[in-house]
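*Asks:* Could you work out the structure for the sequence below:
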Amino acid sequence: MEVAMAKANIEEDREATMARFLASLNREIQNVVELQHYVELEDMVHMAIKNENQVKRRGSSVGHGALKHVICTAS
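*Replies:* Model (predicted):
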């Protein structure tokens with residue numbers, strides 16, 4: 001996401017980027033990620049992906065590849 005933002009010449013505070021990313025997640029994944037400790041956007045993305053995979057294994061209503069769509073469209 002940071003690479004896409006750099007290519008688009010978008011400058012944004014790291015905390016604002018992380019908050020925007022978190023807000024764009026599926027509510028179930030968002031709730032889990034909010035409970036985790038993270039410092040960098042990359043850590044947050046990895047946690048969100050891990051949680052999305054767990055939700056998929058449980059058979060929840062999260063759409064296939066929903067997080068990948070969020071990552072691509074968030075920038």
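*Asks:* Residue 36 reaches residue 45, doesn't it?
*Replies:* No: contact criterion C-beta atoms under 8 Å: residue 36 and residue 45 do not qualify, at 11.8 Å. (C-beta placed from N, C-alpha, C; glycine too.)
*Asks:* These two: who's more crowded?
*Replies:* Per other C-beta atoms under 10 Å, whichever of residue 36 and residue 45 has more neighbours is residue 45, with 20 against 12.
*Asks:* so which strand or helix has the more buried one?
*Replies:* Remark: residue 45 resides in helix 41-58, with elements defined by DSSP states H and E.
*Asks:* Please point out which parts of that helix sit buried.
*Replies:* Buried residues in helix 41-58, counted by 16 or more other C-beta atoms under 10 Å: 41, 44, 45, 47, 48, 51, 52, 55.
*Asks:* how far away is the last one from residue 8?
*Replies:* What it means is residue 55. 30 Å (C-beta to C-beta, to the nearest Å).
*Asks:* ok so, going back, how far does the helix holding residue 45 sit from its chain's centre?
*Replies:* Averaging C-alpha positions (C-alpha atoms, centre = their mean, to the nearest Å) puts helix 41-58 8 Å from its chain's average.
*Asks:* what packs against that helix?
*Replies:* When contacts are defined as 3 or more C-beta pairs under 8 Å, 6 or more residues apart in numbering; DSSP states H and E, helix 41-58 packs onto helix 14-24, helix 27-34, helix 66-74.
*Asks:* could you give me the average pLDDT of it?
*Replies:* When pLDDT is averaged along helix 41-58, the result is 89.
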